[in-house]
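Trainee: Structure, please.
(chains A and B, ligands or ions: 2)
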Amino acid sequence: MDRGRLALSLIALAAALALPFVAGPFWTGLATQMYIFGLLALSVDLLLGHAGLFSLTHASFFAVSAYTVAILQVRYAVPTTLAAPAGILAGTLLAAVFGISVRTRGVYFILITIALGYVVWGVAHRWSSFTGGDNGVTNVPFPAIGGVGITSHTQYYYLVLAVILLCALGYRVLIRSPFGLGLRGIKASETRMQSLGYRTSAHLYAAFVLSGALASLAGVLYVYYNRFVNPVASSFPISVEAALMAIVGGSGTIIGPFLGAGVVLGLRNWVSSFFEMHHAIMGAVFIATVLWAPDGLVGIAARLRARFSRPKEPGP
Amino acid sequence: MTQLAIEVGALAKVFGGLAAVDGVSLSVPAGERRVLIGPNGAGKTTLFHCITGTLKPTRGSVRLFGRDVTRDPEHRRTALGMGRTFQITNVFPDLTLLENMTLAIVGTDRRKWVMHRAVAAFADVRRQALEGLEAVGLAGRAAQPVKLVSYGERRQLELALALNTRPKVLFLDEPCAGLSPSERQRISKMIAGLPRDITLVMIEHDMDVALGLADRVTVLHQGRVILEGTPDEVRANAEVREVYFGHG
Ligand SMILES: Nc1ncnc2c1ncn2[C@@H]1O[C@H](COP(=O)(O)OP(=O)(O)OP(=O)(O)O)[C@@H](O)[C@H]1O
Ligand SMILES: [Mg+2]
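Mentor: Ligands and ions are numbered 1, 2, ... in the order given. Next up is the predicted model:
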């Protein structure tokens, strides 16, 4: 990492640490959501930005994990130390099943993931004796580890911050590893990868399950923040928004999905206060990104940086 | 009798109604250098695809050192010792040359599954990748993304990738096509200098290169083998002159 980026990271970290003190509960809450949905977007982007697979079923892992935690904590009084891992496990197991979709590519992969996502949404919606139907599961407590419990949204903010920092570090190692390079190779030319000795479907399956595990972790963070979960968490728009966040922020990067989450959540909050059709605005943002900034915010930053750091060349 | 590296039995590949390969049988002893020639559309590339597993043959069988690999997927055949280049350059445009080579080097061993260590931490892989680039004259380009290097350099990378999967049998599909005369010379010299224990099967349009390098030549025409022999026999054969050179 060069010095400029290191300095920028430290400033961002300091700002994140100071946020609850300088900004009110509203901004702290928004930032917590940004981290949680940024993590979900990051999980989607492991497939999208690295392996070239566009999944639209990640809300499923997110929601199954959230429901598992909620049901265990609320109905069976299972402590956080067991409920949270159980949530991640449940979401990851679902990803291990849904991972069969890596046998398809391109538009078929997209379609099959949409269909799988609807199955989960249907179950959450219809199996009301277990999932609580449209009301979902409410009164989820704050997490508590051992005797030590979270008692405020500010404390929870720091917990989430710590978790996403650890995830970002782990993710960074993963995408720089031979396995991560292999994913980028598959995205660029799957046929060549096969002829170099890679069983590409196995690689993609492993990436799918890992990505599902990360989405499940985001689901755990979500349910403890929200204190309830209902079928909306598993719905198609959540999967779409997660992909949108990654693309708006900068697919293929680590910071991008978090920035994208910030933009999408911030805009939605702001626009919906005076305009009912905020979904239309989201659509417009997405179209503008694809047309004019396909590399997202990170791409815009890189272009600006290139323009200002390059010595001026004589004009033609 | 020496062992057969490659044994193709009555292989056919039909596209729609067209038999691109129409019952080819071919045996290449270990260590031999075999050149495949034939006019455009003869089915040379399709035959390669079927042998290396890129395509499934409609009929017929493929053996590698006596082992039936007809049903093995391509990555398995690579693990068993087949390496190949593509006629249409097939490398990783967004990655650097060094990353391209890294993929080739770890592709045939378990390190491709390592998730917890950065590529940069594998010093031996890096060294081998740089050596591999050096061997095809690309050492100075290691850090550049493929999309920024010239067509000729990509062709050289194409060859370097195949060489670094530890092949026992190497299939080269027109490795010199589209190169400048000087690049062409370097590459054909490099191929001639490959260790003799690597069995070589090469498609080549340039007759001088082909006949200069080959131990034996197989001539393909309309999906069939019409002749197999030493370079001298092929040069002397009237039928080959007819179909291949288009004149008597
Ligand atoms: N995927 C495909 N679908 C349909 N037809 C194909 C396909 N691939 C090759 N063919 C046809 O099969 C025949 C053999 O093609 P092939 O590429 O094997 O020839 P070749 O001997 O390698 O020719 P060249 O010297 O031009 O490379 C051609 O008529 C070609 O049009
Ligand atoms: Mg060809």
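
Trainee: Need phi/psi at residue B:200.
Mentor: With angles defined as degrees, to the nearest 10, residue B:200 sits at phi -120, psi 130.

Trainee: Which residues are in contact with the closest residue to residue A:272 other than its chain neighbours?
Mentor: Once flanking residues are discounted, residue A:272 sits nearest to residue A:278: 4.3 Å by CB to CB, 6 or more residues apart in numbering or on different chains. All C-beta atoms are positioned from the backbone trio N, CA, C, and that covers glycine. Taking CB atoms under 8 Å, 6 or more residues apart in numbering or on different chains as the contact definition, residue A:278 lies against A:267-268, A:271-272.

Trainee: secondary structure class for the closest residue to ligand 2 within chain B?
Mentor: Ranked by CB to the ion, the top residue of chain B for proximity to ligand 2 is residue B:45, at 3.1 Å. Per DSSP: H, G, I helix; E, B strand; the rest coil, the secondary structure class of residue B:45 is helix.

Trainee: Which phi and psi values does the residue nearest to it when sequence neighbours are not counted adopt?
Mentor: Spatial nearest neighbour of residue B:45, chain neighbours left out: residue B:87 (5.4 Å); criterion: CB to CB, 6+ apart. Per-residue torsions, residue B:87: phi -60, psi -40 (degrees, to the nearest 10).

Trainee: List the contacts of residue B:87.
Mentor: Counting by CB under 8 Å, 6+ apart, residue B:87 makes contact with B:45, B:173-174, B:177, B:203.

Trainee: hey, where'd the strands end up in chain B?
Mentor: For chain B, the strands defined by DSSP state E cover B:4-15, B:18-29, B:33-37, B:59-64, B:67-68, B:82-84, B:169-173, B:199-203, B:216-221, B:224-229.

Trainee: Which of these sits closest to chain A?
Mentor: Judged by CB to the nearest CB, the one of those that comes nearest to chain A is strand B:82-84, at 5.7 Å.

Trainee: And ligand 1, is the closest one touching that?
Mentor: No: judged by CB under 6 Å from any ligand atom, strand B:82-84 stays clear of ligand 1, getting no closer than 13.2 Å.

Trainee: tell me what that strand is packed against?
Mentor: Contacts defined by 3 or more CB pairs under 8 Å, 6 or more residues apart in numbering or on different chains; DSSP states H and E place strand B:82-84 against helix B:44-52, helix B:151-163, strand B:169-173.

Trainee: residues near the residue lying closest to residue A:262 once chain neighbours are set aside, how many?
Mentor: Excluding the flanking residues, the one nearest residue A:262 by CB to CB, 6+ apart is residue A:34, at 4.5 Å. Neighbour count for residue A:34, taken as other CB atoms under 10 Å in any protein chain shown: 23.

Trainee: next SSE after the helix or strand harbouring residue A:34?
Mentor: Assigned by DSSP states H and E, residue A:34 belongs to helix A:25-45. Using DSSP H and E, the next helix or strand after helix A:25-45 towards the C-terminus is helix A:58-76.

Trainee: That following helix: how far from the chain's middle?
Mentor: 16 Å (CA atoms, centre = their mean, to the nearest Å).

Trainee: cool, and stretch A:166-181?
Mentor: 15 Å.

Trainee: which of the residues in it are buried?
Mentor: Burial within stretch A:166-181, assessed by neighbour count using 16 or more other CB atoms under 10 Å in any protein chain shown, is assigned to A:167-168, A:171, A:174-181.

Trainee: which ones among the residues you listed come in contact with ligand 1?
Mentor: Of the buried residues of stretch A:166-181, not one also sits near ligand 1 (CB under 6 Å from any ligand atom).

Trainee: Just put those residues in a markdown table and tack on pLDDT, distance to ligand 2 and secondary structure.
Mentor: Listed next are the buried residues of stretch A:166-181 as a markdown table, based on pLDDT from 0 to 100; distance: CB to the ion, whole Å; DSSP: H, G, I helix; E, B strand; the rest coil:
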| residue | pLDDT | distance to ligand 2 | secondary structure |
| --- | --- | --- | --- |
| A:167 | 97 | 47 | helix |
| A:168 | 96 | 47 | helix |
| A:171 | 97 | 42 | helix |
| A:174 | 97 | 39 | helix |
| A:175 | 97 | 36 | helix |
| A:176 | 96 | 37 | helix |
| A:177 | 97 | 36 | coil |
| A:178 | 97 | 32 | helix |
| A:179 | 98 | 34 | helix |
| A:180 | 97 | 34 | helix |
| A:181 | 97 | 30 | helix |
